[in-house]
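Enquirer: give me a model of this one.
(one chain, ligands or ions: 1)
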Amino acid sequence: MESILLLAHTEADGTLAKPALEALTAALALGGELTVGLVGGAVESAANLAAAAGARRILAVRGEPFTQPRYATDAAAAEALARAAGAAIVLAPATARCARALPGVAYRLGGRIDTHATGLAVRDGVPAVTRWFYRQRMEAVLTRTARPWVVLIDPGCFAPWSEAVAGAAQVEFVPVEAPQSRTTVTGIQAPKADEQTIRPDAKLLFVAGAGWTKKQPDGAVHVAEAQQLILGALRGAQASLGGSKSLVDLSGEGQAVLPFMTHLNQVGQTGSTPRHPKGLSTCCHGEEPHVVGWRFVNERRAVNLDPNCGWARGKADVVYVADAFAVVRELNRLLG
Ligand SMILES: Cc1cc2nc3c(=O)[nH]c(=O)nc-3n(C[C@H](O)[C@H](O)[C@H](O)COP(=O)(O)OP(=O)(O)OC[C@H]3O[C@@H](n4cnc5c(N)ncnc54)[C@H](O)[C@@H]3O)c2cc1C
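Expert: Sure thing, here's the model as predicted:
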């Protein structure tokens, strides 16, 4: 097997986040000689972990400019590590930082890049990458002769490496002059923790459809209650929130609908394809362009007033023909 470089950014405390630990598992499974290249302000914990995992060399670019997510510095650090390692295969987790910087790095190295890898294996002695095409409809296995071959590994596809770590690693620091950049990171604006609605690691995907905003059997709309019920279910079950296109489009038009619902929540053909063990669809019709986004949701249930909705046509394991307001009200009572 060819030599492998695993690139990863460290957290503020010098550890590796889950996507990087998953990529480490993937790298180890390939079986080649492994170098780990770390980028960040502190790298010690991650280096010790890499040594415990069996990395032959541990390289690092360390310094304040490399703590910030910024194309110029991320690309410079990754390029320097790749050149120092000289590895044929360069793996990295498909984080926002790596996804932004590594295509340019592959170009600088004269290599090739593949993104959204969901599997890695050695076939007939050469590494092969599995990924999906055409919005998760076709799965392909790719090999390439071009080297270095940079591969970004999608989160959630490998178990994170989690063995006990002992001892201190020897780290080779690679000097990199931070390139001039017009981008200065002045701070991070993020929703408060309890307003966070997209939780990729959640066991449950809770999908809200446009029905929540429609006239109900009493002839009135009940958007305020819908908001309270949906947020209650999300908090109670620590679920991730998905939405149908109809619902997120309504929100985008600035109507008084569900203010926490954005296009980032949209699941489906023109939205996302999240991976969760279970999914509960509420007030959503279950049309095909929506349901293709449920490809990686293993167990599916839906609540709809319409016994003839799309979910009832073989798209869900269980369909509750019921009023979602009543069901979620009761669900929240049980949760909390
Ligand atoms: C090219 C293309 C791409 C598309 N991409 C996507 C995509 O990525 N994602 C996506 O979601 N859609 C997508 N769509 C749109 C999709 O076809 C549907 O129009 C959309 O999913 C419908 O959203 P909905 O089910 O929330 O709304 P509706 O069709 O309005 O359904 C609302 C449902 O709520 C139910 N309901 C109402 N009140 C209650 C209640 N009290 N209790 C229980 N049930 C209730 C109703 O019975 C109804 O079934 C795409 C369409 C096209 C043409």
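Enquirer: got the contact list for the closest residue to the ligand within the stretch 51-200 of the chain?
Expert: Using CB to the nearest ligand atom, the closest approach of the stretch 51-200 of the chain to the ligand is made by R135 at 8.8 Å. The way it works is simple: take the backbone N, C-alpha and C, and place the C-beta from them, glycine included. By CB atoms under 8 Å, 6 or more residues apart in numbering, R135 lies in contact with 269, 273, 292.
Enquirer: go again using 10 Å as the cut-off
Expert: R135 makes contact with 268-271, 273, 289, 292-293, 295, according to CB atoms under 10 Å, 6 or more residues apart in numbering.
Enquirer: show me what counts as buried in the helix or strand of the chain with the lowest mean pLDDT.
Expert: Here the helix or strand of the chain ranked lowest by mean pLDDT, DSSP states H and E is helix 245-252, holding a mean of 85. Residues of helix 245-252 classed as buried by neighbour count (16 or more other CB atoms under 10 Å): 245-251.
Enquirer: where does N298 sit: helix, strand or coil?
Expert: strand (DSSP: H, G, I helix; E, B strand; the rest coil).
Enquirer: which pLDDT does the model give it?
Expert: pLDDT, N298: 95.
Enquirer: gap between it and K278?
Expert: 7 Å (CB to CB, to the nearest Å).
Enquirer: residue numbers of this structure in contact with the ligand?
Expert: The chain comes close to the ligand at residues 209-211, 214, 216, 244-247, 266-271, 283-285, 287, 289-290, 293, 303-306, 309, 323-325, as judged by CB under 6 Å from any ligand atom.
Enquirer: hmm, try it at 5 Å
Expert: 209-211, 244-246, 268-271, 283-285, 287, 289-290, 304-306, 309, 323-324 (CB under 5 Å from any ligand atom).
Enquirer: of those residues, just the buried ones, ChimeraX syntax please.
Expert: Buried members of the residues of the chain next to the ligand, defined by 16+ other CB under 10 Å, are picked up in ChimeraX with:
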select :209,210,211,244,245,246,268,269,271,283,284,285,287,290,304,305,309,323,324
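Enquirer: next step: the residues of the chain next to the ligand restricted to strands.
Expert: Residues of these located in strands (DSSP state E): N304.
Enquirer: ok, which stretches of the stretch 151-300 of the chain are strands?
Expert: Applying DSSP state E, counting those that start in this stretch to the stretch 151-300 of the chain gives strands spanning 172-173, 204-208, 240-243, 276-282, 297-304.
Enquirer: who does the shortest one pair up with?
Expert: Read it as strand 172-173. Each strand paired with strand 172-173, and its direction, by DSSP bridges: strand 57-62 (parallel).
Enquirer: hmm, back to that, and the residue of the stretch 51-200 of the chain closest to the ligand, its phi and psi?
Expert: With angles defined as degrees, to the nearest 10, R135 sits at phi 50, psi 60.
Enquirer: also N308?
Expert: As for N308, its main-chain torsions (degrees, to the nearest 10) stand at phi -110, psi 20.
Enquirer: start at 535, not 1
Expert: From this message on, residue numbering opens at 535, which makes the last subject N842.
Enquirer: for it, what are its contacts?
Expert: 819, 855.
Enquirer: that one and V855, how far apart?
Expert: 9 Å.
Enquirer: please apply the same query to T559.
Expert: On the measure of CB to CB, T559 and V855 end up 43 Å apart.
Enquirer: what does N832 give?
Expert: With CB to CB as the criterion, N832 and V855 are 23 Å apart.
Enquirer: the more surrounded of these two?
Expert: V855 (14 against 11; other CB atoms under 10 Å).
Enquirer: tell me the confidence at that one?
Expert: pLDDT, read off for V855, is 98.
Enquirer: S715 now?
Expert: At S715, pLDDT is 87.
Enquirer: contacting residues for it?
Expert: Contact analysis of S715 by CB under 10 Å, 6+ apart lists 599, 602, 604-607, 610.
Enquirer: if we go to 7 Å?
Expert: S715 sits next to 604, 606-607 when contact means CB atoms under 7 Å, 6 or more residues apart in numbering.
Enquirer: using a markdown table, please lay out those together with neighbour count, distance to S579 and secondary structure.
Expert: As requested, these are exported to a markdown table (neighbours: other CB atoms under 10 Å; distance: CB to CB, whole Å; DSSP: H, G, I helix; E, B strand; the rest coil):
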| residue | neighbour count | distance to S579 | secondary structure |
| --- | --- | --- | --- |
| R604 | 21 | 23 | coil |
| A606 | 16 | 26 | helix |
| T607 | 23 | 21 | helix |
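Enquirer: quick one: G571 from A551, how far?
Expert: For G571, the distance to A551 (CB to CB) stands at 16 Å.
Enquirer: ok, the two, which is more surrounded?
Expert: With neighbours defined as other CB under 10 Å, G571 and A551 compare such that G571 has more, 28 against 16.
Enquirer: quick check: closest non-adjacent residue to the more buried one.
Expert: Counting by CB to CB, 6 or more residues apart in numbering, L615 is the residue found nearest to G571 once chain neighbours are left out, at 3.5 Å.
Enquirer: D688 against T652, yeah?
Expert: Yes - judged on CB atoms under 7 Å, D688 makes contact with T652 at a distance of 5.4 Å.
Enquirer: domain parsing for this protein?
Expert: Following automatic domain parsing, the chain resolves into domains at 538-707, 727-869.
Enquirer: dump the ones you listed into CSV; add distance to R716 as well.
Expert: Output for the domains of the chain, formatted as CSV (distance: least, CB to CB, whole Å):
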stretch, distance to R716
domain 538-707, 8
domain 727-869, 27
